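Novice: Predicted model, plus sequence, below.
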Amino acid sequence: MAIIKPTLNLVASEYTPEIINTTRASGATRVNAAGLVERVSAGTLRYDHDPTTLAGKGWLIEEARTNILIQSEDLQTNWTAQNVGFGTKGTAPDGKTTAELVDDSGGTASNHSVYYSYSFTSGTSYTLSAWFKVGSGSHGWLQMPSSAFPGNISGEFDITNLTSVDISDSGASAESITMVEYPNGWVRCSITDTADATTSGNVQMGLNDGNGTTTVFTGSGLNMYMWGIQLEAGSFATSYIPTTTAAVTRAQDTPIVNTADISDFNDGGEGSLYFHGSCPDVSAIGNATWAQLDNGATAVHRIGFFGENTNVQVLVTSTQQYTAENNAPSDNTDFRFAFAWKTNSMNEAFNGTAGTEDTTCTVPSNLSDIQFGNTYGHSDFFQFHIKHFALFPVRLIDADLETITTG
C-alpha cells in the first residue's frame, strides 16, 4: 500500500494524549503491568492489562456501574458472620494488607460464610464477584438468595485447579460462572443471574469443602483469603469498585476528540478510520457504539460503527447513506476494523476482508466530535478496550483497508 500517514494516530499507552478529552467524573481501577488492581484518578484513561498474562489490553472504556455492597474490603464491619472467624490479614490483589483470612472456627455443622442483605429488583441481571486465595482450604463460594432468584444461585470455586461448579438449588442454575486468575495466587470469581422477584435477600461469600453439591459442611480447620466483594447490576463483572460505608458508583468513561484539534481534518470530504480493540462480552454490546464521528448532541450527521456485528452507519441529516454488517468479534479477542468514505464510494473491512463498495452515497459534514463508547444517537453502552485508533485524510482503497486490518 502507499504510505499515507494518519492525521490522528492514537496508540494506547500508560498516558492520556492531550487531544483526548476524558471526562469520567469519578476515580476507577485498572490492572497495572504487575497485575495489581490499581486506583486511577478521575478524568484519565486507564491503560489496562490482562491479569493472567500481564499483556497490555489497551485503554479500558466502561459504562457507569455501582458496587452495591458496602465494606468491600472489611468483612468484619457491617457484614454478618455465620460460623466463621477471622485471622491475620494478608496481602490483597491491590498490594495492600487488607485481605481477610476467613476460617471455619466459628461453628461445626452449618454455613461458614459472611452475608449482607440487599433488596433486588425483578427482571434485573446481577453479577456477584470477589477474589479468593488458597489458605488451608481451597474452595470458596458465592451465593445470591432464593428469595429474589429462582433458587439459591451459588457457585463453588476450586482455586487450586481453577474449576467451578454451579451448585444452585431448586433446579435453578446461574446464567454464567467465571474465574479469572490474578498474580500471587488470587482468582476473581463471579456468578450472574436475573432476579425474578423484587425483594430483599442475603448475598453470601464463604468457605466450601469441595463436595460439589452443597454449601453446608462440618468445620474442619479450613481457611481462605477473601477480598473485594462486588455486587452490580449487569451481566458481567466490571473493574473493581472499592467501597467503605456506602455504595459507590464508577462514572462512565467518555473520551472525546474534537475534530477542530486535528490538522487537515477533511470535514464533508473524504477519509478513513481504523480501530483495533477487543471486548470481554460481545453478547452484551446491544446497539452500543465502538467509535463515531458526529456533529454533537443531535448526531443527525455521523459516521460510525456499533453493535456486536460491527454495523456501519453513515447519516446525513438523519438519512441513511451507508449500512453494512460484519462478522462479530469473539470475546476477549483482538479485532481490526476500518471504514473509508468519500462521495459515491464507501466501504469497510473486518480482519483483513473488505465488504462491497457502495457507489451511491453522500458524505456528512459538520462532524465536530470523535467519540468512543456511549455516543450520541445510541443509548447502549458496554465494556471494551481500545489498542489503536487512527484517522486518515483520504479514502483508502479497498486493498489498503484489507492490509491494515490484517493482524
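Specialist: That came in fine, so what should we check first?

Novice: hey, let's count contacts and neighbours off CA atoms from now on
Specialist: OK.

Novice: measure the residue nearest to Pro150 when sequence neighbours are not counted to Asp166 for me?
Specialist: Once flanking residues are discounted, Pro150 sits nearest to Ala172: 5.8 Å by CA to CA, 6 or more residues apart in numbering. Separation of Ala172 from Asp166 (CA to CA, to the nearest Å): 9 Å.

Novice: repeat for Thr343
Specialist: 55 Å.

Novice: Repeat that for Asp103.
Specialist: For Asp103, the distance to Asp166 - CA to CA - is 22 Å.

Novice: And the two? Which one has more around it.
Specialist: Asp103 (26 against 21; other CA atoms under 10 Å).

Novice: Got phi/psi on Ala260?
Specialist: Main-chain dihedrals, Ala260, degrees, to the nearest 10: phi -60, psi -20.

Novice: I'd assumed Asn366 was in contact with it.
Specialist: No: Ala260 lies out of contact with Asn366 (CA atoms under 8 Å); the separation is 10.6 Å.

Novice: So for the two, which residue has more residues nearby?
Specialist: Asn366 (17 against 12).

Novice: Check what pLDDT the nearest residue to that one once chain neighbours are set aside gets.
Specialist: In this structure, Asn366 finds its nearest non-sequential neighbour in Asn295, 5.5 Å apart by CA to CA, 6+ apart. Per-residue pLDDT puts Asn295 at 91.

Novice: so what's Asn295 up against?
Specialist: Contact analysis of Asn295 by CA atoms under 8 Å, 6 or more residues apart in numbering lists His301, Arg302, Ser365, Asn366, Leu367, Ser368, Asp369.

Novice: give me every residue that touches the residue nearest to the third one when sequence neighbours are not counted.
Specialist: Think Ser365. The shortest distance from Ser365 to any non-neighbouring residue, by CA to CA, 6+ apart, is to Gly268 (4.0 Å). Counting by CA under 8 Å, 6+ apart, Gly268 touches Val363, Pro364, Ser365, Asn366, Leu367.

Novice: one more time with 10 Å
Specialist: Trp341, Lys342, Thr343, Thr362, Val363, Pro364, Ser365, Asn366, Leu367 (CA atoms under 10 Å, 6 or more residues apart in numbering).

Novice: and which of the residues you listed is nearest Tyr47?
Specialist: Leu367 (27.5 Å; CA to CA).

Novice: Can I take it that the closest one is in a helix?
Specialist: No: with DSSP: H, G, I helix; E, B strand; the rest coil as the criterion, Leu367 is located in coil rather than a helix.

Novice: wait, isn't it in contact with Asp267?
Specialist: Yes: between Leu367 and Asp267 there is a contact under CA atoms under 10 Å: 6.3 Å.

Novice: Report the set of residues contacting both of the two.
Specialist: Applying CA under 10 Å, 6+ apart, one finds that Leu367 and Asp267 are jointly contacted by Thr259, Ala260.

Novice: The two: who's more crowded?
Specialist: Between Leu367 and Asp267, Leu367 has the larger neighbour count (other CA under 10 Å), namely 23 against 16.

Novice: Please report how far that one lies from Ser190.
Specialist: 41 Å.

Novice: Between the two ends of stretch 43-60, how far is it?
Specialist: Termini of stretch 43-60 sit 13 Å apart (CA to CA).

Novice: Now do that stretch: distance to the chain's middle.
Specialist: 11 Å (CA atoms, centre = their mean, to the nearest Å).

Novice: Check stretch 303-319 too.
Specialist: On CA atoms, centre = their mean, the centre of stretch 303-319 falls 23 Å from that of its chain.

Novice: Surely Glu402 is within a strand?
Specialist: No: under three-state DSSP, Glu402 sits outside any strand and is assigned helix.

Novice: give the contact list for it.
Specialist: Counted by CA under 10 Å, 6+ apart, Glu402 has contacts Arg336, Phe337, Ala338, Glu348, Ala349, Phe350, Asn351, Gly352, Thr353, Ala354, Gly355, Leu396.
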